[in-house]
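S.K.: attaching a predicted model along with its sequence, questions to come.
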Amino acid sequence: MNNFEIADILYFNRYFFTDTDESAPHFALVVLPSRLTSFESSILCAVITSNRPAAFFILLEATKYNCFSKQSFVCFNRLDFNSIIDLDRGKKQPLNQLDKVDRKQAFKVLRAVLDGTDLMKDIYIRAAIVREWKLKRND
Amino acid sequence: MKIIYLLEVESYKFTGKSFNGINFKRNKNGPISLEIYAGLKSLDKRYIKKEITQKADYPYPRHCISLIKPIKKINFSQPEMIFLNSVFESYLILSQTKLGEAAYSTEPMQEICKAEKKQGGILKGVNIDLNSVPLDEEILELYKDE
């Protein structure tokens, strides 16, 4: 069992995008860890990109998170279940974790997108995300 | 029993509805469900065995139940499993005493305890009203936006 936690920053050699059925190497943020998803290798992530999205993001400064070479953005309206088997094993994972200020901001944005996608419309997914992120926010 | 009760409370708190539709009553040592007892009775000796034990960390005897042969698993959806895991992870690590404290600190039990204080005795057998569990403030904000 892996020990990845909410708000960990991971790097996937192969990150699978549910909406396009495509995959690519990508940074991602853990939204729900695999110990909750019931499938050991499955983890719910928000993709991290270097392109500024239109909405529902938080900015990660490269000066604060040295795993990035430039400022990056967590896109909370792009959530995907991914397999930890596809993580880059050559890197020490997680690469980093959001600090308390960013976790608080992330939860705010995440809450705003919880009714935006089919997955998030499920009351139990919503409930689990809110419950877990609240616990993490109060850590 | 207390964990199932707390699952129901958490479900009301974070979804506004029951997870499994089980009703609870006030008993001497906290919330109990006659439906769960009836369910266990139907499994007794065929699928489960019951033992009564007592340990130093809890003042009452414990009814320990273990499987003697596999039972067909209930097929929860993945979202339901995620929610179950989230709740169980918080409570399965607690001692019996802490679980009891968690159960008694819930709004429905607080209401009953308040009424008991007025009356001066345990209201054994009274239905526990899970509708008195308030919706979590963050979830409430979500519903406001819809």
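M.R.: Arrived safely.

S.K.: and the most centrally placed residue in chain A, which of the three is it?
M.R.: By CA atoms, centre = their mean, chain A has its centre lying nearest to residue A:29, at 2.4 Å. Classification of residue A:29 by DSSP: H, G, I helix; E, B strand; the rest coil places it in strand.

S.K.: who touches it in this structure?
M.R.: A:7-10, A:45-46, A:48, A:74, A:98, A:106 (CB atoms under 8 Å, 6 or more residues apart in numbering or on different chains). No exception for glycine: its C-beta is placed from N, CA and C like everyone else's.

S.K.: switch the cut-off to 10 Å
M.R.: A:6-10, A:44-48, A:58, A:60, A:72, A:74-76, A:79, A:94, A:96-98, A:102, A:106, A:110 (CB atoms under 10 Å, 6 or more residues apart in numbering or on different chains).

S.K.: show me the shaky parts of chain A.
M.R.: Within chain A, the stretches with pLDDT under 70 are A:1, A:40, A:115-119.

S.K.: can you map out the strands along it?
M.R.: A:8-17, A:22-32, A:42-49, A:57-60, A:72-83, A:96-97 (DSSP state E).

S.K.: out of the ones you listed, which comes closest to residue B:111?
M.R.: With CB to CB as the criterion, residue B:111 lies closest to strand A:22-32 of these, at 33.1 Å.

S.K.: now do the buried residues in the closest one.
M.R.: A:26-32 (16 or more other CB atoms under 10 Å in any protein chain shown).

S.K.: tell me the secondary structure at the residue nearest to residue B:19 when sequence neighbours are not counted.
M.R.: Nearest non-adjacent residue to residue B:19, counting by CB to CB, 6 or more residues apart in numbering or on different chains: residue B:11, 3.7 Å away. Recorded secondary structure, residue B:11: helix (three-state DSSP).

S.K.: who's in contact with residue B:11?
M.R.: A:123-124, A:127, B:17-20, B:80, B:83-84, B:87, B:130, B:133.

S.K.: got the residues of chain B near chain A?
M.R.: B:10-11, B:13-17, B:19, B:76-90, B:136-139, B:141-143, B:145-146 (CB under 10 Å from any CB of the partner chain).

S.K.: now rank the contacts of residue B:11 by neighbours and give me the top one.
M.R.: Of all the contacts of residue B:11, the most densely surrounded is residue B:83 (29 neighbours; neighbours counted as other CB atoms under 10 Å in any protein chain shown).
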